[in-house]
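1. mind folding the following:
(one chain, ligands or ions: 1)
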Amino acid sequence: MLDNLTSGHRQNLPPGVELVRGDVGDAKTVARVLKRGFDEIYHLAAFFANQNSCDHPVDDFRSNALGTVLMLEGAAKLRGLKTFLFASTSSLTGDLDEGLAEGFSTPYMASKFTGELYARYYRRVGAVPVRTVRYYNCYGPGEWPGRYRNVVVNWIEKVLKGEPLGITGDGRETRDFTYVDDIVSGTIAVARSKKTCGPRVYQLGTGKETTIKRLAELVQEACGRTVGVSLTPRRGWDKTMRRRADLTLARRDAGWKPKVSLEQGLWRTVAWYRAHFPSK
Ligand SMILES: NC(=O)c1ccc[n+]([C@@H]2O[C@H](COP(=O)([O-])OP(=O)(O)OC[C@H]3O[C@@H](n4cnc5c(N)ncnc54)[C@H](O)[C@@H]3O)[C@@H](O)[C@H]2O)c1
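-> As a prediction, this is how the structure comes out:
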C-alpha cells in the first residue's frame, strides 16, 4: 500500500500489509512502487475533500489530478494488470453540468473530474483496464474526526462531548450515507467484474437519501445522548440540495447491492469510536 499518511492512519492497516510511505504526486515514488508488478490496483489516495481543497488548491491538484495521471501512466507500463479502480466522488454528480459550463465550485471537484477524464483516456487507448466508481458519503469505523473529515464522525465526537451539532444550511438537504463495508464490497465487485471496464461510472451508495436533520437525530440516538442542533449558513460551494446514488449500473454490471442500514452503520461506528477514544 502506497500512502503518505496525511489523513490515513497506520493503525487501520491489517497485519501483513506492507506500507510504503510516499506520495502519489511524486513520479519517482510511483514508478518505484509500481515496478514491483501488480495484477490489481485500487487508486484511492486523495487529498480530502471539498473544503480542504478550497483552502489548499495546489496540494489538492498534486494528489488528485497529477497523482492520478502518474498512477495511470505507471499502470500502463505493467504487464498482466487486470484492473485499475479509480475512486471518484458523488460531489460530481449533479454539479457536473454546471462545472463544465461555469467551472466547478471546488478544486476537489475539478481535480477528481480531471482524474476521471484521464482514467477514460488511458482506458480508451487500451493502456489500462480502468473502472471508475463514485462514492456517496462514506462513514464508518477507521475514520478519525478532524476539521476536514466527514460529518458522521465529527458529530459522534460532538455528541459524546455534549456539544450541539452544527448544521450548515437548514437541515433539509439530503445525502446518501453509506457504510464503509458496503463501499468496500462495491469497490471490489466493480473492480473485478468483466462488464465494468468501459466508459460508465458506477455510483456506490445506499440509494436512499437522508436529511441532515434526520442524520443529527440518528447520531444522537446511536450515542444515547441528546445535545440538539445549531444552524449556520450553508457553505458557499455547497449548492446541492438533494443527493442519492443510482444503483442501477452497479447492480446490473457488478451484481452488487448494499447491506447495512444507516441505523446499523451508526451503531457500529459509535461502538468503534468508543473503543478507540475511550476518554471521550
Ligand atoms: N469518504 C467519502 O465519503 C468519500 C466520498 C467520495 C469519494 N471519496 C474518495 O474515496 C477515496 C478514499 O477516501 P477516504 O474517505 O478513505 O479518505 P482518506 O483521507 O481516509 O483516504 C485517503 C488516503 O489517501 C492518503 N493520501 C492523501 N494524499 C496522498 C498522496 N499525495 N499520496 C499518497 N497518499 C495520499 C491519505 O493519507 C489517506 O490514507 C478518496 O479518493 C476520496 O476522494 C471518499
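2. can you check which helix is longest in this protein?
-> Ranked by number of residues, the top helix in the chain under DSSP state H is helix 107-124.
3. could you find the closest non-adjacent residue to Ser91?
-> Met109 (5.2 Å; Cβ to Cβ, 6 or more residues apart in numbering). All C-beta atoms are positioned from the backbone trio N, CA, C, and that covers glycine.
4. next one, pLDDT for Leu72 please.
-> On the pLDDT scale, Leu72 is placed at 98.
5. what's the neighbour count on it?
-> 23 (other Cβ atoms under 10 Å).
6. same thing with the one 10 residues further on?
-> Here the number of neighbours of Lys82 (other Cβ under 10 Å) works out to 13.
7. was I right to think it contacts Pro129?
-> Yes: using Cβ atoms under 8 Å, Lys82 is in contact with Pro129, at 6.3 Å.
8. now do the strands in the protein.
-> In the chain, the strands defined using DSSP state E lie at 2-3, 20-21, 40-43, 83-89, 130-135, 138-139, 165-168, 174-175, 178-179, 201-204, 210-211, 229-232.
9. save those strands as a markdown table, and put in mean pLDDT and distance to Gln264 too.
-> Shown next, in a markdown table, are these (pLDDT from 0 to 100; distance: least, Cβ to Cβ, whole Å):
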| stretch | mean pLDDT | distance to Gln264 |
| --- | --- | --- |
| strand 2-3 | 98 | 29 |
| strand 20-21 | 98 | 34 |
| strand 40-43 | 98 | 25 |
| strand 83-89 | 98 | 23 |
| strand 130-135 | 98 | 19 |
| strand 138-139 | 98 | 12 |
| strand 165-168 | 96 | 21 |
| strand 174-175 | 97 | 18 |
| strand 178-179 | 99 | 7 |
| strand 201-204 | 98 | 18 |
| strand 210-211 | 98 | 14 |
| strand 229-232 | 95 | 23 |
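10. got TSV for these, with mean neighbour count too?
-> Listed next are the strands of the chain as TSV, based on neighbours: other Cβ atoms under 10 Å:
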stretch	mean neighbour count
strand 2-3	20
strand 20-21	12
strand 40-43	18
strand 83-89	24
strand 130-135	24
strand 138-139	22
strand 165-168	18
strand 174-175	19
strand 178-179	25
strand 201-204	25
strand 210-211	17
strand 229-232	12
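11. adding distance to the ligand, write those out as TSV.
-> Formatted as TSV, those follow (distance: least, Cβ to the nearest ligand atom, whole Å):
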stretch	distance to the ligand
strand 2-3	4
strand 20-21	9
strand 40-43	8
strand 83-89	4
strand 130-135	4
strand 138-139	4
strand 165-168	16
strand 174-175	9
strand 178-179	8
strand 201-204	9
strand 210-211	14
strand 229-232	21
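12. nearest to Ala27, of those?
-> strand 2-3 (12.9 Å; Cβ to Cβ).
13. and of the strands of the chain, who's closest to Arg244?
-> The nearest among the strands of the chain, by Cβ to Cβ, is strand 174-175 at 6.8 Å.
14. what is that closest one packed up against?
-> Using 3 or more Cβ pairs under 8 Å, 6 or more residues apart in numbering; DSSP states H and E, the elements in contact with strand 174-175 are strand 210-211, helix 212-223.
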